[in-house]
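> A structural model of the following input is requested.
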Amino acid sequence: MSIHYLSNDAGEPIAVQISISDWVMLKNKYPDLDADNTGILTNEQKQWIDSRLDNITQNPDKLNSIEGLLHELDKD
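Below you'll find the predicted structure:
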């Protein structure tokens, strides 16, 4: 794959350019690549979040603070 970097006036890279044939190859390999999914959750992601929220609501005593997690991680 041939990649071309575009730079601004200061010489800093600001974009990447690839050939159409490479783009088609990537789209075939990753079909959702050009989809505008910004801010959109899949049904599977929504179900996972809903499940986690239900667990928290039903078992608030099992919810640990971030401070507790960091403390546990620092033990090692």
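
> So for the residue lying farthest from the centre of the chain, what's the pLDDT?
The C-alpha centroid of the chain is most remote from residue 9, which lies 30.5 Å away (C-alpha atoms, centre = their mean). Residue 9 is assigned a predicted lDDT (pLDDT) of 94.

> and it, helix, strand or coil?
Here residue 9 is recorded as coil under DSSP: H, G, I helix; E, B strand; the rest coil.

> What distance do you get for it to residue 61?
Residue 9 is 58 Å from residue 61, where distance means C-beta to C-beta, to the nearest Å. To be clear about C-beta, it is placed using only N, CA and C from the backbone, and glycine gets the same treatment.

> who does residue 13 bridge with?
With DSSP bridges as the criterion, residue 13 is bridged to residue 7.

> and it, what is it in contact with?
Going by C-beta atoms under 8 Å, 6 or more residues apart in numbering, residue 13 touches 5, 6, 7.

> any chance of those in JSON lines, plus distance to residue 48 and neighbour count?
Output for the contacts of residue 13, formatted as JSON lines (distance: C-beta to C-beta, whole Å; neighbours: other C-beta atoms under 10 Å):
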{"residue": "5", "distance to residue 48": "37", "neighbour count": "10"}
{"residue": "6", "distance to residue 48": "38", "neighbour count": "9"}
{"residue": "7", "distance to residue 48": "40", "neighbour count": "10"}
